[in-house]
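>>> Let me see the structure of the following:
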Amino acid sequence: MPDKRAVLFDPHPLLLDTLEGILGRLDVVAVAKATTFDEAIAALRAERPDIIVADLDALPASIEPPEFLARCLSICSEIRAVVLSR
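Numbers count the residues shown, from 1 in each chain. Now for the predicted structure:
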């Protein structure tokens, strides 16, 4: 079975590295790590991953979580989301 591909979105690079290591043990390859909303959307468009792992607290004030998830689905219709929040 091929590895799943993921985009990771969190403003903290250390957490992104930690998530990448954890996911790697689960045969999920982090194809992009984003610290901003714009980087995350660009990575989704470029990589077309199977999964997005996203910290919803890192969204700009103008973007509500349901809108963000809808954008993810509009870019990658089969994407699965893992949501992080404080």
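
>>> so where is the protein shaky, pLDDT-wise?
Within the chain, the stretches with pLDDT under 70 are 1-2.

>>> ok, now with 90
Scanning the chain for pLDDT under 90 picks out 1-3, 85-86.

>>> what's the longest helix in it?
helix 13-25 (DSSP state H).

>>> Could I get the buried residue list for that helix?
15-16, 19-20, 23 (16 or more other Cβ atoms under 10 Å). Bear in mind the C-beta positions are built from the backbone N, C-alpha and C, glycine included.

>>> How about residues contacting that helix?
The contact list for helix 13-25, computed with Cβ atoms under 8 Å, 6 or more residues apart in numbering, reads 6, 8, 10, 29-30, 33, 35, 53, 55.

>>> Pull out the buried residues from these.
By 16+ other Cβ under 10 Å, these give 6, 8, 10, 30, 33, 35, 53, 55 as buried.

>>> Just the ones in strands from those residues, please.
Using DSSP state E, the subset of the buried ones among the contacts of helix 13-25 located in strands is 6, 8, 30, 33, 53, 55.

>>> between those, which is nearest Glu47?
Ala6 (8.9 Å; Cβ to Cβ).

>>> quick one: contacts for that closest one?
By Cβ under 8 Å, 6+ apart, the neighbours of Ala6 are 23, 28-31, 49-53.

>>> 10 Å - rerun?
Residues in contact with Ala6 (Cβ atoms under 10 Å, 6 or more residues apart in numbering) are 19-20, 23-24, 26, 28-33, 43, 47, 49-53, 79-80, 82.

>>> what do you get for Ser74?
Leu44.

>>> same check, this time on Arg48
Neighbouring residues of Arg48 by Cβ under 10 Å, 6+ apart: 5, 7, 31, 75-79.

>>> what packs against the helix or strand hosting Glu39?
If you go by DSSP states H and E, Glu39 is part of helix 37-47. The contact analysis (3 or more Cβ pairs under 10 Å, 6 or more residues apart in numbering; DSSP states H and E) places helix 37-47 against strand 4-9, strand 28-34, strand 51-55, helix 65-75.

>>> Output stretch 36-52 as PDB, nothing but the C-alphas.
Extracted in PDB, the C-alpha atoms of stretch 36-52 (Å, rounded to 0.1, in the frame of the first residue of the first chain):
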ATOM      1  CA  THR A  36       0.800  30.500   7.300                       C
ATOM      2  CA  PHE A  37      -2.700  30.100   5.800                       C
ATOM      3  CA  ASP A  38      -1.400  31.300   2.400                       C
ATOM      4  CA  GLU A  39       1.400  28.700   2.400                       C
ATOM      5  CA  ALA A  40      -1.000  26.000   3.400                       C
ATOM      6  CA  ILE A  41      -3.400  26.800   0.500                       C
ATOM      7  CA  ALA A  42      -0.500  27.000  -1.900                       C
ATOM      8  CA  ALA A  43       0.800  23.600  -0.700                       C
ATOM      9  CA  LEU A  44      -2.600  22.000  -1.100                       C
ATOM     10  CA  ARG A  45      -2.800  23.300  -4.700                       C
ATOM     11  CA  ALA A  46       0.800  22.200  -5.500                       C
ATOM     12  CA  GLU A  47       0.800  18.800  -3.800                       C
ATOM     13  CA  ARG A  48      -2.800  17.500  -3.900                       C
ATOM     14  CA  PRO A  49      -2.300  15.500  -0.600                       C
ATOM     15  CA  ASP A  50      -4.500  12.800   0.900                       C
ATOM     16  CA  ILE A  51      -4.500  14.500   4.300                       C
ATOM     17  CA  ILE A  52      -4.200  18.000   5.800                       C
END
